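*Asks:* Sequence and computational prediction follow.
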Amino acid sequence: MGVAAPSPVRILVVDDDPGDVLMIEEALGDSDVEKVIDVVSDGQEAMEFLRREGRHAEAHRPDVILLDLNMPRMDGRQVLGEVKRDDDLRSIPIVVLTTSNADIDIVGSYTLQANAYVTKPIDLDDFNDVVHRIDEFFGRVVVLPKRS
């Protein structure tokens with residue numbers, strides 16, 4: 001009997017900017033950390049995904065969430081609040097990945113129990129580097145809670 005291979009890290013990307021989503025997916029795809037990436041385009045859809053509602057009834061619980069703050073319908077702050085108030089979801093680590101470097105957003109995100117706050121760099125190489133570091137950290141360094 002061999003040792004079972006670790007299951008892939010499941011990452012939920014919540015971002016309404018298709019260009020940013022593409023860059024995140026490409027940067028994540030460049031690493032050798034095995035992963036499954038799901039993408040939703042706003043906070044309302046993120047909550048449907050996490051609660052396995054509607055067209056997301058078959059969704060798998062993510063191991064980590066990459067969350068943009070500024071989105072239509074339901075923004076990242078509202079998602080953070082909802083997830084961290086939910087007994088079934090609150091243990092999922094959330095990395096806020098956003099363009100804002102405003103103190104109010106940083107402090108507000110940590111107050112809502114974000115696990116990390118990362119500002120999206122403008123430069124493509126820097127952007128890739130930041131996403132690789134998040135990927136390495138959550139894919140190799142951190143012990144994630146077991147999926148229930």
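*Replies:* Structure's in. What do you need?

*Asks:* which residues in this structure form helices?
*Replies:* For the chain, helices defined by DSSP state H occupy the ranges 18-29, 43-50, 76-85, 103-111, 124-136.

*Asks:* Please name every helix or strand in contact with the longest one.
*Replies:* When contacts are defined as 3 or more Cβ pairs under 8 Å, 6 or more residues apart in numbering; DSSP states H and E, helix 124-136 sits against helix 18-29, strand 94-98, strand 116-119. C-beta here means a position set from N, CA and C on the backbone, and glycine is covered the same way.

*Asks:* same thing but 6 Å
*Replies:* Applying 3 or more Cβ pairs under 6 Å, 6 or more residues apart in numbering; DSSP states H and E, one finds that helix 124-136 makes contact with helix 18-29.

*Asks:* now the first one
*Replies:* Based on contacts counted as 3+ Cβ pairs under 6 Å, 6+ apart, the elements that helix 18-29 packs against are strand 35-40, helix 124-136.

*Asks:* hmm, back to that, which one of the helices of the chain lies closest to Ile37?
*Replies:* Ile37 lies closest to helix 18-29 among the helices of the chain, at 5.9 Å (Cβ to Cβ).

*Asks:* so how far is that closest one from its chain's centroid?
*Replies:* Offset of helix 18-29 from its chain centre (Cα atoms, centre = their mean, to the nearest Å): 12 Å.

*Asks:* Give me the angle between that helix and helix 124-136.
*Replies:* Angle, helix 18-29 to helix 124-136, by axes from the mean of the first three to the mean of the last three Cα atoms, to 10 degrees: 60 degrees.
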